[in-house]
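K.L.:
sequence and predicted model, in that order:
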Amino acid sequence: MKRILFLAGFLSLSLQSQILTEFERAQLKDEILNDRFDNLLPDLMDRTNIDMWLVISREYNEDPVMRTMLPSTWLNARRRTILLFYRDKANNTIEKLAVARYDVGKNISSAWNKEEEPDQWKALVALIEKRNPKKIGINISKSFNIADGLVQTDYQELKAALPQSFEDRLVSAEALAIGWIESRTEKEMELYNNLVELTHDIIDEAFSSAVIEPGKTTTDDVVWWMRQKVTDLGLSTWFHPTIDAQRNDEELKSHIYSFSKGEGNKIIFPGDLLHCDFGITYIGLNTDCQQHAYVPKQGETEVPGYLVRAFKKGNRLQDIFTANFKVGQSGNDILLTTLREAKEEGLRPAIYTHPLGTYGHSAGTTLGMWDAQEGVPVTGDYPLHFNTVYAIELNTTVFIEEWGRDIRIMLEEAGFFGSQGFRYVNKRQEKIKFVQ
């Protein structure tokens, strides 16, 4: 896959030359989707004990799950689109049907002839009756928003159309929908590794003298440079980036200030410890990254030792945290174990890690929130599964004697958890960048 993802290494050609054309992106997206339908979905349906899954949406009001199932040439659902997946475990087969006027790409075949049966719901019922599933999964969920995509109107019409015997077989497909959204395949991880590298490359350029002129450049200038860079590359962001600065004459702001108000148009000066929060979207995957940079004062040739030592505490918190990743463990158990161990080492931690993948704040195991360090009900109780990606987002507060105040080392990197354990998708920041 690398042969078509990037045309050349980052150092030899411009970023622009590495990005696929729209046609190449479409080819790769459909290749990944085909692999997911054929090799991932059957296992997920077996794991969750659901032999039929209905995903129903109307145009421009798509179920979040359906959005991840549409082929490259479908930017939206058409009219009312009903996808039906039927898993026959005994015969090891899976049917992928659309109760729609069209095939949905090359993976899902149209199974509705409107001239023979004008009523779309009756056509669906006929398909269900022929297969006689034990459980019919539908996307309803109280706690996982991405798994709650069946709207009220479609739900009511589905129930009205189904015979009572099949209505009684309707179950929440919550676990199946989460599994589909959170699981990453080998093909996707090839793409992900390079996507995170590209994210790092953009941050490296943003935190350089090519963008920052101390005393003139503002934090907003860097933010909008990043937005424009992404647009110029033909990519998109899933959230507005932020840049903030910590310095020796300003008190550390509260978490709620940092996560809601941000820094605004603040001039960057020598001696500032800069921090970014930045992510991009590309071929159905998202990144989310926070890194630090130091703006040197006159005569400085390296990051001051006290900041180097503070940063190592952030890396240490990452190590404690990711060492606790174990399959089947809940997010809350991992969170509380890590906080306890970190505090025993004298750290002042906060952890707010989230699933990452087809959505930025995705479905899966929640490991803390910045305002819920005691654990997160329901989503934090969801167990860790293999082949999942997380934004390892956390911070540790460190007192800097030279400044006479606290600073916060805030880090975030994409991490993959698989059968071989945890790894960063494309390394992590291990030293503060030096703006030069």
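P.N.:
Arrived safely, thanks for sending. Note that the coordinates shown come from a computational prediction; the quantities given were computed from them, not determined experimentally.
K.L.:
any idea how far the residue of the chain most remote from its centre is from Lys216?
P.N.:
Among the C-alpha atoms of the chain, the one farthest from their average position, using C-alpha atoms, centre = their mean, is that of Glu116, at 42.7 Å. For Glu116, the distance to Lys216 equals 70 Å [C-beta to C-beta, to the nearest Å]. Yep, even glycine has a C-beta here, placed from its N, CA and C like the rest.
K.L.:
same check, this time on Leu233
P.N.:
Computed as C-beta to C-beta, the Leu233 to Lys216 distance reads 25 Å.
K.L.:
the two: which is more packed in?
P.N.:
Remark: of Leu233 and Lys216, Leu233 carries more neighbours, 17 against 10, as counted by other C-beta atoms under 10 Å.
K.L.:
ok, that one touching Ile19?
P.N.:
Yes: the pair formed by Leu233 and Ile19 meets the contact definition of C-beta atoms under 8 Å, at 5.5 Å.
K.L.:
pLDDT below threshold where in this protein?
P.N.:
1-17, 255-264 (pLDDT under 70).
K.L.:
centroid-nearest residue for it?
P.N.:
Nearest to the geometric centre of the chain sits Leu356, at 2.2 Å (C-alpha atoms, centre = their mean).
K.L.:
please report phi then psi for the closest residue to it other than its chain neighbours.
P.N.:
Leaving aside its chain neighbours, Leu356 sits nearest to Ala391 (4.4 Å; criterion: C-beta to C-beta, 6 or more residues apart in numbering). For Ala391, the backbone dihedrals are phi -80, psi 100 (criterion: degrees, to the nearest 10).
K.L.:
all strands for the stretch 301-436 of the chain, in order.
P.N.:
349-351, 354-355, 388-400, 405-418, 421-424, 433-434 (DSSP state E, counting those that start in this stretch).
K.L.:
in terms of helices and strands, where is Asn113?
P.N.:
In this assignment (DSSP states H and E), Asn113 forms part of neither any helix nor any strand.
K.L.:
what about it, neighbour count?
P.N.:
One way to gauge burial is a neighbour count; for Asn113, by other C-beta under 10 Å, it gives 10.
K.L.:
quick check: phi and psi at the closest residue to Thr388 other than its chain neighbours.
P.N.:
Closest residue to Thr388 apart from its sequence neighbours, by C-beta to C-beta, 6+ apart: Glu182 at 4.9 Å. Here is the backbone geometry of Glu182 (degrees, to the nearest 10): phi -90, psi -20.
K.L.:
so Glu182 makes contact with Leu356?
P.N.:
No: the pair Glu182 / Leu356 is not scored as a contact, 9.2 Å apart, by C-beta under 8 Å.
K.L.:
joint contacts of those two?
P.N.:
With contacts taken as C-beta atoms under 8 Å, 6 or more residues apart in numbering, Glu182 and Leu356 have Ser362, Val389 as neighbours in common.
K.L.:
and the gap between Glu205 and Asp232?
P.N.:
Note on Glu205: its distance to Asp232, by C-beta to C-beta, is 12 Å.
K.L.:
please apply the same query to Leu339.
P.N.:
In this structure, Leu339 and Asp232 are separated by 41 Å, where distance is defined by C-beta to C-beta.
K.L.:
which of the two has more neighbours?
P.N.:
Between Leu339 and Asp232, counted using other C-beta under 10 Å, Leu339 has the larger neighbour count: 21 against 11.
K.L.:
got the contact list for that one?
P.N.:
So Leu339 contacts Pro349, Ile351, Gln373 (C-beta under 8 Å, 6+ apart).
K.L.:
what sits against the last one?
P.N.:
Under the criterion of C-beta under 8 Å, 6+ apart, the contact list for Gln373 reads Leu335, Leu339, Ala350, Ile351.
K.L.:
re earlier: for Asn315, which of the strands of the stretch 301-436 of the chain is the nearest?
P.N.:
strand 405-418 (7.7 Å; C-beta to C-beta).
K.L.:
what is that closest one packed up against?
P.N.:
In this structure, strand 405-418 makes packing contacts with helix 186-206, strand 273-278, strand 289-294, helix 305-323, strand 388-400, strand 421-424, judged by 3 or more C-beta pairs under 8 Å, 6 or more residues apart in numbering; DSSP states H and E.
K.L.:
flag every buried residue along that strand.
P.N.:
Ile407, Arg408, Ile409, Met410, Leu411, Glu412, Glu413, Ala414, Gly415, Phe416, Phe417, Gly418 (16 or more other C-beta atoms under 10 Å).
K.L.:
got it, and stretch 71-89?
P.N.:
Burial within stretch 71-89, assessed by neighbour count using 16+ other C-beta under 10 Å, is assigned to Pro71, Ser72, Trp74, Ala77, Arg80, Thr81, Ile82, Leu83, Leu84, Phe85, Tyr86, Arg87.
K.L.:
does the fourth one lie in a helix or a strand, and which?
P.N.:
Same thing as Ala77. Element membership for Ala77, per DSSP H and E: none, as it lies in no helix or strand.
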